[in-house]
Every structure is written in structure tokens, then in C-alpha cells.
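1. Pasted the sequence and its predicted model underneath.
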Amino acid sequence: MNTPSYHDLFITTPDIPRTSIFNLPCNYKVFCTRAAGWELWVGDNLAASEYAKDNWLVLDVLGKVIVDGRDIIEEAP
């Protein structure tokens, strides 16, 4: 049984169709902090976030969604 790793991570945002982390440019970084949750940075700019209404972030590992920021949009009044 193979254990998934970051090699199996796929990223989707409003501007990026589902893409393997290895097919993104080198200046893209994925971070997770306790305070901000999951974020995608391009250089020094926040490109997408788990909690951003307009710049949502979806992360999946081999098709299993682990973060879906689109839920924030549906829950917003």
C-alpha cells in the first residue's frame, strides 16, 4: 500500500484549474498555519486561501479533497 505524500497534491483556485503541485511554477508555495489555515502564495502575494471568499482554494490528494474553500462561499450570508 502506497502512502500519499506531497507528490500527490493537486491545487485548484478560481484562476488555476486542478493542477499537480509539480506543474506549478517554482514561485508558488502552499502554507498552512493554525491562524490562517491553508494558503497559496505566489512570490510575496497571497493568491488563494482556504478562508478567502473570492480567492478560494481546493486541495486534494489523489482525488480526495482535504481542503475546500468553496464551502465558505456557500455559508456566507
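-> In hand now; what should we look at?
2. Run through the helices of the protein in chain order.
-> 70-75 (DSSP state H).
3. Low-confidence regions, it specifically.
-> For the chain, the stretches with pLDDT under 70 are 1, 72-77.
4. can you map out the strands along it?
-> Remark: strands assigned in the chain by DSSP state E are 9-12, 19-20, 28-33, 37-42, 45-49, 58-61, 64-68.
5. looking at these, which is closest to N2?
-> Set against N2 and scored by Cβ to Cβ, the strands of the chain come closest in strand 58-61, at 11.5 Å. Heads up, the C-betas are built off the backbone N, CA and C, glycines and all.
6. Just give me how far the closest one sits from the chain centre.
-> Centroid displacement of strand 58-61 relative to its chain, using Cα atoms, centre = their mean, to the nearest Å, is 6 Å.
7. Can you tell me what sits against it?
-> 4, 8-13, 18, 30, 38, 65-70 (Cβ atoms under 8 Å, 6 or more residues apart in numbering).
8. before we move on, what about stretch 8-26?
-> Stretch 8-26 is contacted by residues 6-7, 28, 30, 40, 42, 47-48, 54-63 when judged by Cβ under 8 Å, 6+ apart.
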